[in-house]
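S.K.: sharing a model that was predicted from the sequence below.
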Amino acid sequence: MCGIVGYVGNKNAQDFLISGLKRLEYRGYDSAGIVTLSENGEATLLRAKGKIVNLEEKLLENRREDKIGIGHTRWATHGEPSEVNAHPHQAGKIYLVHNGIIENYKELRRHISGHDFKSQTDTEVLVALINSFYKDGEYPLANAVVQALKLVKGTYGIAVVSAENPEEIVVARSGSPLVIGIGTDETLLASDASALVGHTKRAIYLNDGEVAVIRKDSVEIKTLNAEPVSLRVEEIETNLSAIQKGGYDHFLLKEIMEQPESLAETLRGRINAEDGTVRLGGPGLSAAELRKIKHLVIVGCGTAYHAGLLAAYYIEQFTPEITIETVIASEYRYRNAYIPEDSVALIVSQSGETADTLACLRSIKEKGIRTIGIVNAIGSTIAREVDGGTYVHVGPEISVASTKAFTSQMIAMVMFGLTIAQAKGVPAMMLKNYVEEIVALPEAIRETLAEATEPVKEIVSNYVDYDHAIYLGRDTAYPAAMEGALKLKEVSYIDANAYAFGELKHGPLALVDDRFFEMALLPKGELYEKAVSNVQEVLARNGHIIAITNVEDFDLEVESVLRISSKIELFAPVLMNLVMQLFAYYVTIGKGYNVDQPRNLAKSVTVE
Ligand code: F6R
């Protein structure tokens, strides 16, 4: 949510800032800005409402050879998207970009005199506060930043420059990520390592409560209490192709299509098809510790939450004596929920930075409960703070709507469940089908994507003009339906809601009319006939049903049928989810919307 970049070195700062912002645009895209400083302290501040291309237009008439600067792409929290609310914000000679929220900005504003506020943002209060502390002396900018931050309540990742010190950038974080890239005669800064890819592989991930002064040939980090911090240089693993569209029109389609490979990466080295066992090193739990687990709490938001819901259906099928609660992080963090001692919490997050999920992680840890991360972004805050974890390794997810992460998060959790079942002595025979299907899943995903694309494209024109949709499923197909509905609504803006088939008669059936279409998930299995009866009830009310099914002799007279011929049965809802992802993608293309950057949304929700 919002992106930050910074550069100090020998090259053109404007070039890096713009290219870095383009890479981070998926994190916020309502306005953007950069400021660069010349050697003699002349500042060039450029800001524009809307996408980075608007900023680039301004750049045409304002090219500079400056070698230091900071930039920002915004997702509005305080103040509407506009040029005046775009970052960098300025007070005196100081310029600042900020991710996060300053909660006590009104109170802080009362301490500031002599600043003519131009924007409605909390960020301008912070830069004015820093300016009020800015005095001559050693490290004038860093000292002013530290004094101001000691008064701040809220979350921030900030980068600050002063036209009086045009050789350094001061950066600090509390709850909002920042990565410092170490180059040769240059130091780079970004809120997400993807902006650094191709420039350097060496990075320092700043921790909460740390302040760094970065120059072209040095990085110095201290805590807010002035204790020195030793530099922890890590390697950035992402390569350039992972953050490019690679021949696809959109990242969303690329990421949907990548799932055979991305799931294979999740499984790599963790599953032994021959003896049917799963081995996960990351959680760091011995067999004795796994045996003791009686309760799982699965915490996530949005798609990660849905992955947790679906995983819970599976884990309870094969793990004896275990209860599982899957919770929405933004709710759970404020509940006074009792967690039994013999629990483990699975903290699920693609970005590893989601504010609510992070808050839950911290409060669960405080209760003495072991936390296991199911995270994608390597080195992210959640990944670093959990007691143990399993990276899903799906590579960068750039499209705002999450797709490949869902599949791998879900399977990673099921694999964790399998390790518990193994430790509890569940015979391998009973787990065999799960393991075999997981091993077969990447190939089944490949087949399903190939099989479903054309049929989906053929039917979407019938559905682009609807404003409402109902997604329906039973058992494991129910959480899959929830995820399918989320995907459709967030990219196509069709109001889509999911219900368990059995709930239809308890209310939602009243909705069925020509304004709605219904997406019915109909996997083979014990509950198939019951789901068919529910479909009949919708048909009897002239519902417009799209059925997704793997039943070979499916012959219900519904409006559209999307067939899956894979032999996968237990995990058929995962395959059905792929079909729903494709459906959401092609409906949105049919409507002509920006499928990678839906309105009002941004990737990585680092504010509450
Ligand atoms: C939906 C979507 C969001 C995220 C949610 C959690 O397509 O992308 O619902 O799943 O914001 O994000 P992470 O997994 O980064 O914690």
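M.R.: Nice, thanks for sending it over. Please read all numbers here as calculations on a predicted model, not as lab measurements. Numbering: from 1, shown residues only.
S.K.: please see if the helix or strand containing P573 touches the ligand.
M.R.: Under the criterion of DSSP states H and E, P573 resides in helix 572-591. No: counting by CB under 6 Å from any ligand atom, the ligand has no neighbours in helix 572-591; the shortest distance is 9.5 Å. C-betas here are computed from N, CA, C, even on glycine.
S.K.: ok, and for that helix, which residues are buried?
M.R.: The neighbour-count check on helix 572-591 (16 or more other CB atoms under 10 Å) flags 572-590 as buried.
S.K.: list the contacts for the residue nearest to A405 when sequence neighbours are not counted?
M.R.: Nearest residue to A405, sequence neighbours excluded (CB to CB, 6 or more residues apart in numbering): Q350, at 3.9 Å. With contacts defined as CB atoms under 8 Å, 6 or more residues apart in numbering, the neighbours of Q350 are T303, A304, V375, N376, A377, V392, V394, E397, S402, A405, Q409.
S.K.: got it, and A193?
M.R.: Each residue near A193 by CB under 8 Å, 6+ apart is listed here: V179, G181, A203, I236, T238, G379.
S.K.: distance of the last one relative to P177?
M.R.: As judged by CB to CB, to the nearest Å, G379 and P177 stand 9 Å apart.
S.K.: quick one: which of these two has more around it?
M.R.: Neighbours per residue (other CB atoms under 10 Å) separate G379 from P177, with P177 holding more: 25 against 19.
S.K.: which element, helix or strand, includes A203?
M.R.: Applying DSSP H and E, one finds A203 within strand 202-205.
S.K.: that strand pairs with which strands?
M.R.: strand 179-182 (antiparallel), strand 234-235 (antiparallel) (DSSP bridges).
S.K.: show me which helix runs longest in this structure.
M.R.: The residue-count maximum for a helix in the chain (DSSP state H) belongs to helix 428-460.
S.K.: tally of neighbours for A242?
M.R.: Residues near A242, counting by other CB under 10 Å: 16.
S.K.: how about the one 4 residues further on?
M.R.: Here the neighbour count serves as a burial measure; for G246 (other CB under 10 Å) it reads 11.
S.K.: residues contacting S402?
M.R.: Contacts of S402 (CB under 8 Å, 6+ apart): G302, T303, A304, Q350.
S.K.: can you tell me how far the closest residue to the third one other than its chain neighbours sits from A547?
M.R.: Same thing as A304. Nearest residue to A304, sequence neighbours excluded (CB to CB, 6+ apart): V348, at 4.1 Å. Between V348 and A547 the computed distance is 30 Å (CB to CB).
S.K.: any idea how far the closest residue to A312 other than its chain neighbours is from the ligand?
M.R.: Counting by CB to CB, 6+ apart, A312 lies nearest to I324, which is 4.2 Å off, once chain neighbours are set aside. From I324 across to the ligand, the span is 19 Å (CB to the nearest ligand atom, to the nearest Å).
S.K.: where's I324, which helix or strand?
M.R.: strand 323-328.
S.K.: residues making contact with that strand?
M.R.: Contacts to strand 323-328, defined as CB under 8 Å, 6+ apart, come from residues 294-301, 305, 308-309, 311-312, 315-316, 335, 337, 360.
S.K.: count of neighbours near the residue in the chain that the ligand sits nearest to?
M.R.: Going by CB to the nearest ligand atom, the ligand is nearest to G302 of the chain, at 1.8 Å. Using other CB under 10 Å, G302 has 22 neighbouring residues.
S.K.: ditto for G114
M.R.: 9.
S.K.: same check, this time on D475
M.R.: For D475, the count of nearby residues is 21 (other CB under 10 Å).
S.K.: which residues touch it?
M.R.: Counting by CB under 8 Å, 6+ apart, D475 makes contact with Y313, G525, L527.
S.K.: ok, I339 to D356 distance?
M.R.: From I339 across to D356, the span is 17 Å (CB to CB).
S.K.: who's more crowded, these two?
M.R.: D356 (21 against 16).
S.K.: does the more buried one touch A329 like I think?
M.R.: Yes: if you go by CB atoms under 8 Å, D356 and A329 touch, sitting 3.8 Å apart.
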